[in-house]
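**Q** please find the sequence and the predicted model below.
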Amino acid sequence: MTIHTVTLEVTANVPKTVLFALLSDHAKLGRFFNAEYSLIRSGKPETNGIGAIREVTQGPFTYQEQIIDFKENEHIHYQIIQGAPVNEHGGWIKFKSINATQSQIHYHITFSPKIKGTGWLIKYQIQHFLKQALTNLIQHSEDMWRSTPTVNAYARNTTSKNNVSTKARIK
């Protein structure tokens, strides 16, 4: 079967540590993604790290994802291990600092559909799902960051919301 890819890059007005903390908290990912998440096996040595397995229920599908690489504040790499309508599904999330108060997420997914001819539809659904989730994540993280009393006012007021760059590349 053909391998399909989806790549999204988004920029947020928060440090990468904030984005990493939110995206590595498996049990609470439902705040951003239109799905239900639960952590069914903890990773080692971090609860949400390598070896962690999360169960995802999205519409009629319930599948499991396992964290296969994890470096705090740098990247998360996972793969679907059971239950999805795709084969060879891998997700790579990389976090990059632009400056002290701005960061970028590079989210890359590859997959092969189990049923020939359905790749375009699955790709469209993944793309839509991720765009909405990352938009939700950025909104939440920026609201949280601005309301944090320990962050100095200068760092929180670097750019207006309209200047946030969000771009998506679909391959």
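**A** Received the coordinates, thanks. Keep in mind that this is a model prediction, so the values were computed, not measured.
**Q** for the residue nearest to Ala52 when sequence neighbours are not counted, grab phi and psi.
**A** Leaving aside its sequence neighbours, Ala52 sits nearest to Gly43 (Cβ to Cβ, 6 or more residues apart in numbering; 3.4 Å). Heads up, the C-betas are built off the backbone N, CA and C, glycines and all. Here is the backbone geometry of Gly43 (degrees, to the nearest 10): phi -90, psi 180.
**Q** what about Gly43, how many neighbours?
**A** 20 (other Cβ atoms under 10 Å).
**Q** show me the contacts for the closest residue to Lys96 other than its chain neighbours.
**A** Counting by Cβ to Cβ, 6+ apart, Lys96 lies nearest to Gln104, which is 4.6 Å off, once chain neighbours are set aside. Contact analysis of Gln104 by Cβ atoms under 8 Å, 6 or more residues apart in numbering lists Glu9, Val10, Thr11, Ala12, Lys16, Phe95, Lys96, Ile98.
**Q** quick one: which of those residues is nearest His128?
**A** Checking the contacts of Gln104 against His128 by Cβ to Cβ gives Val10 as the nearest, at 14.5 Å.
**Q** let me see the mean pLDDT of the lengthiest helix in the chain.
**A** Taking DSSP state H as the criterion, the chain has its longest helix at helix 119-146. Helix 119-146 shows a mean pLDDT of 94.
**Q** which other helices and strands contact it?
**A** strand 4-12, helix 16-23, strand 102-113, strand 166-169 (3 or more Cβ pairs under 8 Å, 6 or more residues apart in numbering; DSSP states H and E).
**Q** low pLDDT regions in this protein?
**A** 1, 149-171 (pLDDT under 70).
**Q** wait, Lys16 sits on Lys96?
**A** Yes. Lys16 sits in contact with Lys96 when judged by Cβ atoms under 8 Å, with a separation of 6.6 Å.
**Q** and those two? Which one has more around it.
**A** Counted by other Cβ under 10 Å, Lys16 and Lys96 do not tie: Lys16 has more neighbours, with 19 against 15.
**Q** about what we covered before: and the two most separated of the contacts of Gln104?
**A** Glu9 and Lys16, at 13.2 Å, using Cβ to Cβ across these.
**Q** beta partners for Leu82?
**A** Careful, residue 82 is Gln; it's not Leu. In this entry, Gln82 is beta-bridged to Gln64, by DSSP bridges.
**Q** right, I'll leave it there.
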